[in-house]
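In: take this sequence and fold it.
(one chain, ligands or ions: 1)
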Amino acid sequence: MPRIGDDAPVFQATTTQGPINFPSDYKGKWVILFSHPADFTPVCTSEFMTFASMESEFKALNCELVGLSVDGLYSHIAWLRTIKEKIEYKGMRDVEVKFPLIEDITMEVARKYGMLQPGESSTKAVRAVFFIDPVGKIRTIIYYPLSLGRNFSELKRVLIGLQTADKFSVALPADWQPGEDVIVPPAGSCGVAKERMEGADENIKCYDWFFCTKPLSKEKVFDEILGVVEKQ
Ligand code: BEZ
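Out: Here you go, the predicted structure:
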């Protein structure tokens, strides 16, 4: 079972957008690889419509989406066509899923990624979400059960959080949203302790010696660092 910090397992697959070599085709980009239990099911349909509607927001963050289920290619194509042509849900309609959806009838990829969790289902993948960074390393893994649809705002928050933590060498506190204070490295590293003790950086606020934060504006996160066109 892959873990955070591991290299993303390599595979080749057929998708609704043609063949892919994973993760090498995505070098230099973030990827969210996610599985769903089955085509033509309601929770998965609501998820695909939501994710497809947000695809441009993820692309703006240099992140591509790749879906997977253990269904076949023709099932995927028929389901995505049905979504586009027939389903109107929560104001979303005519939704075209442009990101690749992997066919995995042999369950080879699902097994490699630990998406099959027999206590939940031995025939369907759980709702797994793998965040893979531009060098192909797994950075976050989230699993949801069959009965619960994912929160896509949270998935976007996780992506922005990972990118922010990398770019600014900071950590992010509970429920962090862009624009809120970030946690500075632990005392003793990078001269931060000295700065703090000498009061050199007046922006740093310490709650105790081990817990210090500083402001990081939304503009800095999006404009200067992530280069995002669209501001939220
Ligand atoms: C659904 O997506 O609705 C679903 C899929 C498999 C089991 C239960 C629900």
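
In: show me where the protein has helices.
Out: Along the chain, the stretches classed as helices by DSSP state H are 42-53, 55-59, 73-86, 108-112, 152-168, 192-197, 218-219.

In: tell me how many other residues crowd residue 133.
Out: 19 (other CB atoms under 10 Å). From N, CA and C alone the C-beta is placed, and that goes for glycine too.

In: spatially nearest residue to it, not counting backbone neighbours?
Out: Once flanking residues are discounted, residue 133 sits nearest to residue 139: 5.1 Å by CB to CB, 6 or more residues apart in numbering.

In: residue contacts, that neighbour?
Out: Going by CB atoms under 8 Å, 6 or more residues apart in numbering, residue 139 touches 4, 5, 131, 132, 133, 162.

In: try it again at 10 Å.
Out: Residue 139 sits next to 4-5, 8, 30, 130-133, 158-159, 162-163, 165-166 when contact means CB atoms under 10 Å, 6 or more residues apart in numbering.

In: wouldn't residue 63 be in contact with residue 34 here?
Out: No. Residue 63 lies out of contact with residue 34 (CB atoms under 10 Å); the separation is 11.8 Å.

In: what is in contact with these two at once?
Out: 131, 155.

In: I'd like to know how far residue 21 sits from the ligand.
Out: Between residue 21 and the ligand the computed distance is 28 Å (CB to the nearest ligand atom, to the nearest Å).

In: pull the number of nearby residues for that residue.
Out: Residue 21 has 11 nearby residues by other CB under 10 Å.

In: for it, which residues are in contact?
Out: Shown in contact with residue 21 (CB under 10 Å, 6+ apart): 10, 11, 12, 13.

In: mind redoing it with 7 Å?
Out: Residues in contact with residue 21 (CB atoms under 7 Å, 6 or more residues apart in numbering) are residue 12.

In: what's the PyMOL syntax to select whichever of the contacts of residue 139 are buried?
Out: To isolate the buried members of the contacts of residue 139 in PyMOL, using 16 or more other CB atoms under 10 Å:
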select buried, resi 8+30+130+131+132+133+158+159+162+163+165
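
In: if we look at the ligand, which of the contacts of residue 139 are close to it?
Out: With CB under 6 Å from any ligand atom as the criterion, these include none near the ligand.

In: closest to the ligand among the contacts of residue 139?
Out: residue 130 (18.9 Å; CB to the nearest ligand atom).

In: what's the nearest residue to that closest one once chain neighbours are set aside in contact with, if anything?
Out: Distance criterion CB to CB, 6+ apart; nearest residue to residue 130, sequence neighbours excluded, is residue 33 at 4.4 Å. For residue 33, the contact set (CB under 7 Å, 6+ apart) comprises 66, 68, 130, 132.

In: got the residues of this structure near the ligand?
Out: 37, 38, 41, 42, 43, 44, 124, 146, 147.

In: nearest residue to the last one other than its sequence neighbours?
Out: In this case it means residue 147. According to CB to CB, 6+ apart, the nearest residue to residue 147 is residue 43 (7.2 Å).

In: and the pLDDT at the one you found?
Out: At residue 43, the pLDDT value in this model is 98.

In: kindly report the same for residue 159.
Out: pLDDT for residue 159: 97.

In: what number of residues lie near residue 10?
Out: The burial count for residue 10: 11, using other CB under 10 Å.
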